[in-house]
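Asks: below are the sequence and a predicted model; questions follow.
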Amino acid sequence: MNWVKKQKLPATEAIKFNGYPCNELDDLWQTLHHFFNSVQDRLINFQLLDEIPLCQQAEWLLFSKVKFIDAINKYSSLSIPGLDHIFWSHLKELVDDAEYVANIVNIVNSCIDFDYWLSYFKNSMSIIILKPNKPLYDISKIF
């Protein structure tokens, strides 16, 4: 499994302003503030956008009951609950109810049909679980 082996961190370069890197959040804010104010009153040529070729929009395939049931059944019943405090074992019991499955599939397909996604589906939270005997990285220097 390649994802568990030691990985090389990507090369990064700090944003520079007046020849100095913005290593602190306040420096970065001042740089962005400076650039915003320097271009705030400039005219914008919107015709440049006409030169960008339009791409064909991909069609979403509708969700099916079989896909939903397969997705639920592949998870372990012993998993911990998510932010909604629902255990996979609870969802697996609900999958046995045909009306419940039909309602969930209808909600998902309505989101696809109307091209509307609830903010709940757009937000995510990452929980970093440290590996034993691995070095810690100071991510505060990255952000």
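Replies: Great, that's in hand.
Asks: thought V101 was touching I69?
Replies: Yes - because the distance of 6.6 Å satisfies C-beta atoms under 8 Å, V101 is recorded as touching I69. For every residue, glycine as well, the C-beta is placed using N, CA and C.
Asks: need the residues touching each of those two.
Replies: V95 (C-beta atoms under 8 Å, 6 or more residues apart in numbering).
Asks: what's the spacing between the residue nearest the centre of the chain and L48?
Replies: In the chain, the C-alpha nearest the mean C-alpha coordinate belongs to S124, at 6.0 Å (C-alpha atoms, centre = their mean). To L48, S124 is 33 Å away according to C-beta to C-beta, to the nearest Å.
Asks: also Q57?
Replies: 22 Å.
Asks: then N23?
Replies: From N23 to L48 the distance is 34 Å (C-beta to C-beta).
Asks: cool, I15 as well?
Replies: From I15 to L48 the distance is 24 Å (C-beta to C-beta).
Asks: the two: which is more packed in?
Replies: Neighbour count, other C-beta atoms under 10 Å: between I15 and L48, I15 has more, with 11 against 8.
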